[in-house]
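Chemist: fold the following.
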Amino acid sequence: MADRTKDFQEPLGTPSEKEKHDYASGDESDTKADGLGAGAVGSGSAPNNSDPEKKAALGNADKYEITEDDCYEELGFSFPVWKKWYILTIIFVVQVSMNFNTALYSNAVGGISEEFGVSKQAARCGAMIFLVAYAFGCELWAPWSEEFGRWPVIQLSLLLVNIWQLPVALANNFATIMVGRFLGGLSTAGGSVTLGMIADMFESDNQQYAVAFVVFSSVGGSILGPIVGGFSEQYLNWRWSIWIQLIFGGFIQIIHFFTVPETRTTIMMNKIAKKRRKAGNPNIWGPDELVPFKERFSAKEVLITWMRPFKMFLTEPIVLVLSLLSGFSDALIFMFIQSFALVYEQWNFDAVQIGLAFLSIGVGYLLAWVIFIPAIKRNRKQRENHPEDERAQYESRLWFLLYTAPCLPIGLFGFAWTCSGPPLPWIASMIFAALIGIANYAIYMATIDYMICAYGPYSASATGGNGWARDFLAGVLTVPATPFFENIGHASGRNLEYGSTILACIATVLVCAVYVIYWKGPQLRKRSPFAQQLAGARDDVGGRRVSALPNAETNNDHRPSVASQGGRRGSVHYLRGSHAGREPRTGSVTGQSTDVATRRTGSVTEGTARPGLADRKYSQQRRFFGENRNSPRVTPHGSRAGSRAASPVRHAPAQPGLSTVESARQG
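Modeler: As a prediction, this is how the structure comes out:
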């Protein structure tokens, strides 16, 4: 112990020569002596040796990093159903407010043009610049929510958006409006964060209903803006279109501040680890407590993370095709915001009536959301019945899109030739607008669901490319929308018909991509670099989804075997059990003695729906920044300490007729 006492006097994070030797050889004697064995992660159970001075001097390789399995019942996954859906409802309104801000501005264009002496086309740049900045803002905000938590990021985003409404509402010149709109869009966190909250509370196989709900809020906010805007345009000064955004945003920020808890898994685990240390468990640490801040946020990691969505957008055929399809569909809604006025003025609609015309698209969104519910049930049953069928696991998520995507060109063709004004009834064009709404919702929902499944731990980057395409294309097409509908075929007097027909032809080509991906999805995924690497990694672990791609620069020999853990990252107390003559350990949550067999089937807490080891697809403990980074002791982030890496449970050869755990006990 003399040598070890000397080692403990070294600064934190600096490995001694003996520790390096122990780490490489898998010597766990010191770990046991320090009390890191039985009961080390138990909820409030004290370790065998609790000398505070020795614990204070532990290097990172000797510290136990808490995992999801150690505290599953305290994470968002185990929230009561009512709490999950209450949080989702508030997030639903938050997302509506974000998209509401993008659309309501259009009803202020006339007033801005008149007051500041600019053309209406120039005034529309305020809508364009907000959407383009929004597209980049979503990607800039999302990684920070992974590191600092969803709650502070959403609060800061809402606060900044609300602040930037003030210079726009009080503007004395047009330049102030443009600057305020740009900063407001850049400050909007958007769907990357709200979809991330779903991953915090729902396992990947059970999140489709929640995704469908949040997608409805995203598309719904886009048409709520012109509905409300019609009234403000007709009865109020243009500045009220901005004040209404501020009132709505301030209201939902207050509700979110007081009623929505943090859901990000790693942030909750940090708090849980601190709470357990205070309860007398000095050697248990959260995921963010073992790696210095400056290493978690190196310039290289930040740049790589921020560039990944754009790289995947350009290099992954699946992401590119589905994102263009989704982006074009969403861009149509913002083009409609400009074209509806031209169309329904032919029936002498006033501003309020034109705004209410957007209810037809809202009806389409609502119908799509409702009919997706039985489609999700069918898809889940198909995946359960055919667990080894690749098409059932992936392409089956696009099955319902085969029937709903054609509504996009059908709706556009129908709208094109029923929007010419009297004597045709106005309701005819609205029926086709509802079909476009059904297609827009279905495309967004199905593409997001497919990408989450196909890209696993990198789905945030894949769906980020999807969201970027939707917002960017919508923004770019907002300004030319009105001239497009006014000038295409103007000499013939059928400019509205020709404009919509051109869009319908483009939509037909894009919808064909849905069928190509459905039938050729496996081949396309093999030609997609990221998807191919993930497929190879899954093959290495018996076909299960991995939590992150291995880093070629990292020595992963000491990383826990994913295959041996049933495809998910397990905690030490789930795998070690009792060995070397010890009694079974105390469970980390209930404080009851449990054996390994009990732990392998699920939680020891009655009524808690902890999935079995083979049921979870991938861990939410992975990081957004530095997904493959190492701690200072070359300890894989998200695994137990380096001194445990050579545990006999993982590395002892199995004896004939015995499981790995049983062999380790008897070895």
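
Chemist: the helix or strand harbouring Leu131 - contacts with which helices or strands?
Modeler: Leu131 belongs to helix 125-148 when assigned by DSSP states H and E. Packing partners of helix 125-148 (3 or more CB pairs under 8 Å, 6 or more residues apart in numbering; DSSP states H and E): helix 81-104, helix 109-116, helix 150-169, helix 174-186, helix 191-201, helix 299-315, helix 459-487. Yep, even glycine has a C-beta here, placed from its N, CA and C like the rest.

Chemist: between the fourth one and helix 125-148, what angle do the directions make?
Modeler: Taking axes from the mean of the first three to the mean of the last three CA atoms, to 10 degrees, helix 174-186 and helix 125-148 form an angle of 30 degrees between their directions.

Chemist: on that earlier part again, turn the helices and strands packed on helix 125-148 into a markdown table, columns for mean pLDDT.
Modeler: Formatted as a markdown table, the helices and strands packed on helix 125-148 follow (pLDDT from 0 to 100):
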| stretch | mean pLDDT |
| --- | --- |
| helix 81-104 | 94 |
| helix 109-116 | 94 |
| helix 150-169 | 95 |
| helix 174-186 | 95 |
| helix 191-201 | 82 |
| helix 299-315 | 79 |
| helix 459-487 | 84 |
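
Chemist: quick one: neighbours of the closest residue to Val214 other than its chain neighbours, just the number.
Modeler: Leaving aside its sequence neighbours, Val214 sits nearest to Thr194 (CB to CB, 6 or more residues apart in numbering; 5.6 Å). A count of neighbours around Thr194, defined by other CB atoms under 10 Å, yields 23.

Chemist: ok, now Asn487?
Modeler: Asn487: 13 neighbours (other CB under 10 Å).

Chemist: got it, and Leu320?
Modeler: So Leu320, with other CB under 10 Å, has 17 neighbours.

Chemist: now do Ser232
Modeler: That count, for Ser232 with other CB under 10 Å as the rule, works out to 23.

Chemist: from here on, call the first residue 161.
Modeler: Understood, numbering begins at 161; the last thing we discussed is Ser392.

Chemist: correct me, but it touches Trp400?
Modeler: Yes - between Ser392 and Trp400 there is a contact under CB atoms under 8 Å: 5.0 Å.

Chemist: just the buried residues of the strand or helix carrying Ser378, please?
Modeler: Here Ser378 sits within helix 368-395, counting by DSSP H and E. Neighbour counts over helix 368-395 (16 or more other CB atoms under 10 Å) mark 368-393 as buried.

Chemist: and it, what does it pack onto?
Modeler: Helix 368-395 packs on helix 241-264, helix 351-361, helix 400-419, helix 477-504, helix 511-516, helix 519-545, helix 586-615, going by 3+ CB pairs under 8 Å, 6+ apart.

Chemist: which residue ranges of the stretch 611-760 of the chain form helices?
Modeler: 619-647, 655-686, 689-700, 732-735, 756-761 (DSSP state H, counting those that start in this stretch).

Chemist: now do the contacts for the nearest residue to Ile536 once chain neighbours are set aside.
Modeler: Counting by CB to CB, 6+ apart, the nearest residue to Ile536 once its immediate chain neighbours are dropped is Gln368, at 4.6 Å. For Gln368, the contact set (CB atoms under 8 Å, 6 or more residues apart in numbering) comprises Ile536, Asn539, Arg540, Asp609.

Chemist: pull up the gap between Gly624 and Leu527, please.
Modeler: Going from Gly624 to Leu527 by CB to CB, to the nearest Å gives 28 Å.

Chemist: more neighbours: these two, which one.
Modeler: Gly624 (28 against 15).

Chemist: just checking, Ser279 touches Val269?
Modeler: No - applying CB under 8 Å, one finds Ser279 not in contact with Val269, separated by 9.9 Å.

Chemist: who has more neighbours out of the two?
Modeler: The residue with more neighbours, out of Ser279 and Val269, is Val269; 26 against 10, by other CB under 10 Å.

Chemist: mind checking how far that one is from Gly286?
Modeler: Relative to Gly286, and taking CB to CB, Val269 is found at 8 Å.

Chemist: now Gly344
Modeler: From Gly344 to Gly286 the distance is 10 Å (CB to CB).

Chemist: shared neighbours of these two, anything?
Modeler: With CB under 8 Å, 6+ apart as the test, Gly344 and Gly286 both reach Val328.

Chemist: in terms of neighbours, single out the busier of the two.
Modeler: Neighbour count, other CB under 10 Å: between Gly344 and Gly286, Gly344 has more, with 29 against 24.

Chemist: buried residues in stretch 254-274?
Modeler: 254-269, 271-273.

Chemist: typo on my end, it should be stretch 408-427
Modeler: Neighbour-count burial for stretch 408-427 [16+ other CB under 10 Å]: 408-410, 412-413, 416, 420, 422-427.
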